[in-house]
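Asks: Just to be clear, the model below is a prediction. Sequence and coordinates:
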Amino acid sequence: MYILVSCPVRGEEPVVVEAFRVRALPEGGCDHLLEFLRLYRDAVQMVVDSVWGLKAKLSKKRLHRLFYSDLVKLGLRAHHAKEVYLYAKSLVDSARGSGGRKPVLRRLSARIDRYDYRLDLGNTTLTLKLHSGYEVKLRLVTSRGRVERFRGWSNYELVVKYDKGGFWVSVYFKRSVRTVEPRTVMSIDLNFDNVTLAVLTLDGKLIRLKRFKTPHRRILTHRIWIERIQGRYPRSWRFIRGVRRAIERHGERIRSTSWDYAHKLGDLIAELALRFRSVVVLEDLEKLRENGKKDRRFNKRLGLWFYRRVQFCVEYEARERGLEIVKVDPRGTSSKCPRCGGKLVEDAHRVLRCRKCGFVGDRDVTAAVNIYRKYVSKHPRCGVSGVAPNAPKPDENPSGMQGNRDEAMKNTSSCMNSYES
Ligand SMILES: [Zn+2]
């Protein structure tokens, strides 16, 4: 999966980091690799044991002075030693931070510095430099397509693990992303059955409106099936194999449908945002929980996980393209008039009306415009704090978008069908 690091240090370019996790088969026996992993684990434990008793803060320099020569004497290479004491320190720090006990390592895993391995993406092989001058060559069990993705990225560290009788490698890749200077704002409103996005210029002109259907109803159907089965066997469902299987199958459908959708939508949205050079504005779902009020756009039964997943993919894809992401407080986005701030009431199905000023608008588009306004009010470079001059009129709302309505679904349908068989 991905890890995101955005603007780690002020003035530095944002960086995308991704772990490439793959099974690895040692060529010509695995004795030395296993021996190395045991040695590494015991070395980390040794450092943990000694550091645990010390009260003083330990700098990198001090750690080096205390442990380096002992570690090298064990047969570890210079960079192994560095990784060992830094990893041990991080374990101790996090155990102390959470008030836990002294860490005891059981699993066999080692972090290896860039200088101690050679990765050949073309031949999908990896050579690790081990203790006492040993080397091991591993064949990575992967496809060409997965590897191709990382051409041009830089790899900087890896973790090798022995788990359930096999070796696993996670190589960390990173690359910097140039930032795109925003010319427009794309606000995204997530709903139960659709995702609505609006692209507006910095001075408030609406230039694009798009609506994508979500697979929520289908996900909810699987969820209801799970609940129904669990309800029928309230005590025993966990222990009856066939019943547990049926539940797992529905769970698997939910997972695959939602990930597939989120990835494709994230990609589509980010492409569009890149084309318009937009800053992407989303609602802060964490704030939604803090506010304590359930927004009726979000289905209680589904919870927020799906929206988080979609946001995660939108954010990832956008960052990867060097686009800026901003989150705004979702309070009032679906209940306040974008023209006068008055309270909106439901006028007809999906249509909201302001009693104060007479504004009438499609529910989702209104929310998207409100999200835009929240962004603008906090980012004065846009200069406009009032309502978008051409805020959508009621008649141009849903019908104007009909043509683009289900684009996300059209593109994903071929993949989705395979889950339905
Ligand atoms: Zn109003």
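Replies: Looks like it arrived, so ask away.
Asks: what about A78, neighbour count?
Replies: A78 is flanked by 13 other residues according to other Cβ atoms under 10 Å. Yep, even glycine has a C-beta here, placed from its N, CA and C like the rest.
Asks: For it, give me phi and psi.
Replies: phi -50, psi -50 (degrees, to the nearest 10).
Asks: Kindly list the longest helix within the chain.
Replies: Using DSSP state H, we find that the single longest helix of the chain is helix 241-276.
Asks: Give me the helices and strands touching that helix, please.
Replies: If you count contacts as 3 or more Cβ pairs under 8 Å, 6 or more residues apart in numbering; DSSP states H and E, helix 241-276 packs onto strand 184-190, strand 194-201, strand 206-213, helix 216-232, strand 278-283, helix 305-320, helix 407-420.
Asks: Three-state assignment for the closest residue to the ion within the stretch 101-250 of the chain, please.
Replies: Closest to the ion within the stretch 101-250 of the chain is G204: 16.4 Å, counting by Cβ to the ion. Here G204 takes the coil state, with states given by DSSP: H, G, I helix; E, B strand; the rest coil.
Asks: you'd agree it is up against S377?
Replies: No: look at G204 against S377 with Cβ atoms under 8 Å: they stay out of range, at 11.9 Å.
Asks: More neighbours: which of these two?
Replies: A direct count of neighbours by other Cβ under 10 Å for G204 and S377 places G204 higher, at 21 against 13.
Asks: Tell me both backbone torsions, phi and psi, for that one.
Replies: Dihedral angles (degrees, to the nearest 10) for G204: phi 90, psi 20.
Asks: quick thing: my sequence starts at 267, can you match it?
Replies: Got it, the first residue is 267 from now on, which makes the last one we talked about G470.
Asks: so how far is K430 from it?
Replies: Using Cβ to Cβ, to the nearest Å, one gets 57 Å for the distance from G470 to K430.
Asks: Surely D628 touches V617?
Replies: Yes: the pair D628 / V617 is scored as a contact, 6.2 Å apart, by Cβ under 8 Å.
Asks: Just the buried positions in stretch 477-494, please.
Replies: For stretch 477-494, the neighbour count (16 or more other Cβ atoms under 10 Å) marks 477-482, 484-486, 488-489, 491-492 as buried.
Asks: Where does K622 sit: helix, strand or coil?
Replies: coil.
Asks: so who does it touch?
Replies: With contact set as Cβ atoms under 8 Å, 6 or more residues apart in numbering, K622 has these partners: 603, 606, 608-609.
Asks: got a markdown table for those, with secondary structure, pLDDT and neighbour count too?
Replies: Below are the contacts of K622 laid out as a markdown table (DSSP: H, G, I helix; E, B strand; the rest coil; pLDDT from 0 to 100; neighbours: other Cβ atoms under 10 Å):
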| residue | secondary structure | pLDDT | neighbour count |
| --- | --- | --- | --- |
| C603 | coil | 92 | 23 |
| C606 | coil | 91 | 13 |
| G608 | coil | 92 | 16 |
| K609 | strand | 92 | 13 |
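Asks: With distance to the ion added, can I get the residues you listed in JSON lines?
Replies: Below are the contacts of K622 laid out as JSON lines (distance: Cβ to the ion, whole Å):
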{"residue": "C603", "distance to the ion": "3"}
{"residue": "C606", "distance to the ion": "3"}
{"residue": "G608", "distance to the ion": "4"}
{"residue": "K609", "distance to the ion": "9"}
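Asks: Go through those and name the one nearest G497.
Replies: Of all the contacts of K622, G497 sits closest to K609, with 39.5 Å by Cβ to Cβ.
Asks: Mind pulling up the pLDDT for the residue of the stretch 367-516 of the chain closest to the ion?
Replies: Confidence at G470, expressed as pLDDT, is 88.
Asks: What of the one 3 residues further on?
Replies: The predicted local confidence for I473 comes out at a pLDDT of 94.
Asks: Give me the distance between it and Y638.
Replies: Taking Cβ to Cβ, one finds I473 at 12 Å from Y638.
Asks: so what's in contact with the two at the same time?
Replies: Here I473 and Y638 have L466 as joint contacts, going by Cβ under 8 Å, 6+ apart.
Asks: Which of those two has more residues huddled nearby?
Replies: More neighbours surround Y638 than the other of I473 and Y638, with 28 against 13 (other Cβ under 10 Å).
Asks: Thought T467 was touching that one, still the case?
Replies: No: when contacts are counted by Cβ under 8 Å, Y638 is not listed as touching T467 (10.3 Å).
Asks: Name the helix or strand of this protein that has the lowest mean pLDDT.
Replies: helix 673-686 (a mean of 32; mean pLDDT, DSSP states H and E).
Asks: what residue ranges in the stretch 467-616 of the chain are flagged as low confidence?
Replies: 555-568 (pLDDT under 70).
Asks: Residues of it that sit close to the ion?
Replies: 603, 605-606, 608 (Cβ under 5 Å from the ion).
Asks: The stretch 267-416 of the chain: helices as residue ranges?
Replies: For the stretch 267-416 of the chain, the helices defined by DSSP state H, counting those that start in this stretch cover 297-318, 326-339, 344-363, 410-414.
Asks: For the longest one, name the packing helices and strands.
Replies: Meaning helix 297-318. The contact analysis (3+ Cβ pairs under 8 Å, 6+ apart) places helix 297-318 against helix 326-339, helix 344-363, strand 374-379, strand 401-407, strand 420-429.
Asks: Let me see the mean pLDDT of it.
Replies: 96.
Asks: How many residues are close by D533?
Replies: 19.
Asks: ok, it touching E583?
Replies: Yes: contact criterion Cβ under 8 Å: D533 and E583 qualify, at 5.3 Å.
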